[in-house]
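Peer 1: need a 3D model of the sequence below.
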Amino acid sequence: MPLSLFGPNRRVAPSSFAQDENTPSTRVLECGDMSPLSKRGHVRALQTDANASPSENWVKAGASSDARVFRSCDSGRSLSARVYSGFCWIALLAVALWGTSCARIGNGFGSFVKKRADKAAYKIIESKQQQALGKPSPITIDPVRDELTSRLLVMTPRVDLTNDEVTTPAQRIALADALCIAMARNRDYQSRKESLFQQALSLTEDRRDFGLIWDASGHAELNREESGHGTPAGAGTEWFGGRSFAAGVQKTLFTGARITLRFAHQFAQTFGQNSTQSASNELSMGIVQPLLNGAGPLVAREPLRQAERSMIYEVRDFKRYQQSFVIDIASSYYNLLQARDQLENERKNYEGAMLSREETQLRAEAGLLPMFSTDQAQQRELESEDRYSNAKTRYLSQLDRFKFDLGLPIDMDIGPNPEDFRFLSEKGLVEPAFDLSAAIETALAGRLDLKTVEERLEDRQRQARIALRDFLPNLDFSYNYSTTKSYDKARVGVDFRDNSQSWELDLGLPLDWTPRRNDYRFALIDLAQAERALETRRDSILLEVIDSWRELQRARKSYEIQLQSVHLAERSVERLELLLATGDARTRDLLDAQDDLLNARNQLGATLVAHTIERLQFYNAIERLEIDPKGMWYEWGNDEATTDSR
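Peer 2: Numbering: from 1, shown residues only. Presented below is the predicted three-dimensional model:
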């Protein structure tokens, strides 16, 4: 066990206080535990002159751990006022220092501490990103005040949420701007960054446990006792006081050894006609080295090793989350554009239905068409109006959700930029630069979550070995050294010639195997679960890549079909409009053709958006999607990267 500041088995060399003609001969026999601020010590007596009167004897007052002092029973009334005044000045000084410290903590100390913590955490994050990802990607948990978001919050007007009419938004934002805003203001994204930051802060404490740990303490007191009332000698007042301070450092080595070094000083003084002083100084050192159980870096370094590895896991998890987050925002943006495109198609369809109903009604009144054609046209107008109303509701709901995802006020008058959808339509489908076999190989070699599961398996294997070593006996070697020096005045110093040393071996036999047996069995079960988790993750990645690849092929085929459907529906509508004008077609045929054209256009846009989102999911599944700090993504092929965040 580490050596305490004042060991109970310490021997102190004899020392004597200064003497004068009024002071009895006094010698210290032994000292008890006198560590500052400890209430566990006990009082040791002093050997005094048998011929001295009791009023001149020295008696140790109070617990030795509080550095209580030897006092004289002489009253010394003439010094009372002066002592009390001095103590008041000391108290006032302490209050002034306390007030200054509080002011510093309130004004600048908190900022200083925050900067120190941020510097340590960000340094760890960048280091672990370099180790886990190959390059650092700076993040910050402080609010990001970018120019775009500030301008939007100040200049963008608000809308009336009770109004269900779709109007042209005051501000249109592109996808790149949406990603930048989301990474700066999304609440869930901010929470995940803070979780990563907190993990880094926790790692600083684990590292501290294997560094130099300093501590210091101090104590001061002034005592006044009044006694003797009602006795022939009369009342008397006694003043005595003292101070103590201690400082130490400890260090845990990777071998399992624990080293402590400590120094303590205590001073006592009495006030009166025979004012006396005494001081004691002690320097102690202790070393404890496990020889069997707990020895070696495998066991001793495990807490820090696991904390370092857990930080790497957290960096990988955050990277995967960041990629999924960007895909979710892009999906929300593209789906909103698709909803707006469908809304525009439904609006045009509704306006066309109204015109068709008016024309059909005029032609029926002129006797060119049967009257039931008017009913059919009116029925289609009502259906178109209902579809337009539903499309409007869907778009407004998606728009509000999109603002929420960006972390912007719901009543802010913003909307997506339709030019992004036009650009997407003109570009068409973009095929991934991988075939299925290359995609599977790339995913198994590069998936960050798969690497984490593999390394967690290594953790379980190592922990099983540690649990097995716990069956070893506890055999600890310890070395203790201490030296004490006493003075008859306030003085700090030690004499290494007077010292006490001890060498010990402590043996503990693990006769009760039940907890160790259970821990080892638990470790084996955790190991088996980790092996199955690795197999499960590999298979799930294979399924994810294959399903994503098939979905891309299906979306590509569907897009080609819908593209042909739009061309056919457009030709059919044009042909039936001409035939209806000559009376060679029915109104119902034209209405059906217009519905087919509307559905084909909506499906074409939906398929294009679905293929674009699935392509992002595919690159994320094979770990070839890179995200920069502003949300721009890069789709890495076999040889090069392409960017697309419009």
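Peer 1: paired strands for the biggest strand by length in the chain, with orientation please.
Peer 2: When the chain is scanned for its longest strand (criterion: DSSP state E), the result is strand 236-252. Within its sheet, and counting by DSSP bridges, strand 236-252 is paired with strand 213-227 (antiparallel), strand 258-271 (antiparallel).
Peer 1: pull the CA atoms of it into PDB?
Peer 2: Coordinates of each C-alpha in strand 236-252 appear next as PDB, following Å, rounded to 0.1, in the frame of the first residue of the first chain:
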ATOM      1  CA  GLY A 236      -7.200  33.000  33.400                       C
ATOM      2  CA  THR A 237      -7.100  33.200  29.600                       C
ATOM      3  CA  GLU A 238      -5.000  31.100  27.400                       C
ATOM      4  CA  TRP A 239      -4.100  31.700  23.700                       C
ATOM      5  CA  PHE A 240      -2.400  29.200  21.400                       C
ATOM      6  CA  GLY A 241      -2.300  28.500  17.700                       C
ATOM      7  CA  GLY A 242      -0.600  26.800  14.900                       C
ATOM      8  CA  ARG A 243      -0.300  26.100  11.200                       C
ATOM      9  CA  SER A 244       0.500  23.200   8.900                       C
ATOM     10  CA  PHE A 245       0.900  22.500   5.200                       C
ATOM     11  CA  ALA A 246       1.600  19.500   3.100                       C
ATOM     12  CA  ALA A 247       2.400  18.700  -0.500                       C
ATOM     13  CA  GLY A 248       2.800  15.500  -2.400                       C
ATOM     14  CA  VAL A 249       2.900  13.800  -5.800                       C
ATOM     15  CA  GLN A 250       2.100  10.300  -6.900                       C
ATOM     16  CA  LYS A 251       2.700   8.400 -10.100                       C
ATOM     17  CA  THR A 252       1.400   5.100 -11.400                       C
END
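Peer 1: so what's the gap between it and the chain middle?
Peer 2: Distance of strand 236-252 from its chain centroid, counting by Cα atoms, centre = their mean, to the nearest Å, is 40 Å.
Peer 1: next, count neighbours for residue 111.
Peer 2: Other residues near residue 111 come to 9 when the count uses other Cβ atoms under 10 Å. To be clear about C-beta, it is placed using only N, CA and C from the backbone, and glycine gets the same treatment.
Peer 1: how close does it get to residue 118?
Peer 2: According to Cβ to Cβ, to the nearest Å, residue 111 and residue 118 sit 10 Å apart.
Peer 1: check residue 380 too.
Peer 2: With Cβ to Cβ as the criterion, residue 380 and residue 118 are 64 Å apart.
Peer 1: which one's more surrounded, those two?
Peer 2: residue 380 (25 against 16).
Peer 1: now for that one: which residues touch it?
Peer 2: 353, 356, 357, 591, 595 (Cβ atoms under 8 Å, 6 or more residues apart in numbering).
Peer 1: can you check residue 249 too?
Peer 2: Each residue near residue 249 by Cβ under 8 Å, 6+ apart is listed here: 212, 213, 214, 215, 260, 261, 262.
Peer 1: what of residue 623?
Peer 2: By Cβ under 8 Å, 6+ apart, the contact set of residue 623 is 442, 443, 446, 447, 448.
Peer 1: restricted to buried residues, select these in ChimeraX.
Peer 2: Buried members of the contacts of residue 623, defined by 16 or more other Cβ atoms under 10 Å, are picked up in ChimeraX with:
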select :442,443,447,448
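Peer 1: show me where the stretch 501-646 of the chain has its helices.
Peer 2: In chain order, the stretch 501-646 of the chain shows helices spanning 514-582, 587-621, with DSSP state H, counting those that start in this stretch as the criterion.
Peer 1: just say which of the ones you listed is most tucked in.
Peer 2: With neighbours taken as mean count of other Cβ atoms under 10 Å, the helices of the stretch 501-646 of the chain reach their highest mean count in helix 587-621, at a mean of 20.
Peer 1: elements contacting that one?
Peer 2: helix 302-365, helix 372-406, helix 418-427, helix 436-446, helix 514-582, strand 633-636 (3 or more Cβ pairs under 8 Å, 6 or more residues apart in numbering; DSSP states H and E).
Peer 1: next, the angle from it to helix 302-365.
Peer 2: On the basis of axes from the mean of the first three to the mean of the last three Cα atoms, to 10 degrees, helix 587-621 is oriented at 170 degrees to helix 302-365.
Peer 1: residues contacting residue 614?
Peer 2: Listed by Cβ under 8 Å, 6+ apart, the contact set of residue 614 reads 548, 551, 552, 555.
Peer 1: typo on my end, residue 516
Peer 2: Listed by Cβ under 8 Å, 6+ apart, the contact set of residue 516 reads 467, 470, 471, 510.
Peer 1: next: residue 413.
Peer 2: Neighbouring residues of residue 413 by Cβ under 8 Å, 6+ apart: 156, 157, 158, 159, 169, 170, 171.
Peer 1: got it, and residue 227?
Peer 2: For residue 227, the contact set (Cβ under 8 Å, 6+ apart) comprises 235, 236, 238.
Peer 1: residue 469 too?
Peer 2: By Cβ under 8 Å, 6+ apart, the contact list for residue 469 reads 293, 298, 299.
Peer 1: need those residues in CSV (columns: distance to residue 475 and neighbour count).
Peer 2: Output for those, formatted as CSV (distance: Cβ to Cβ, whole Å; neighbours: other Cβ atoms under 10 Å):
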residue, distance to residue 475, neighbour count
293, 7, 18
298, 17, 14
299, 14, 19
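Peer 1: of those, which is the nearest to residue 609?
Peer 2: Nearest to residue 609 among the contacts of residue 469, counting by Cβ to Cβ, is residue 298 at 53.8 Å.
Peer 1: what helix or strand is the residue lying farthest from the centre of the chain located in?
Peer 2: Within the chain, the residue lying farthest from the chain centre (Cα atoms, centre = their mean) is residue 367, at 77.9 Å. Per DSSP states H and E: residue 367 is located in neither a helix nor a strand.
Peer 1: can you give me phi and psi for it?
Peer 2: Backbone torsions of residue 367, given as degrees, to the nearest 10, read phi 80, psi 10.
Peer 1: pretty sure residue 200 is touching residue 126, no?
Peer 2: No. Checked against Cβ atoms under 8 Å, the pair residue 200 and residue 126 is beyond contact range at 9.6 Å.
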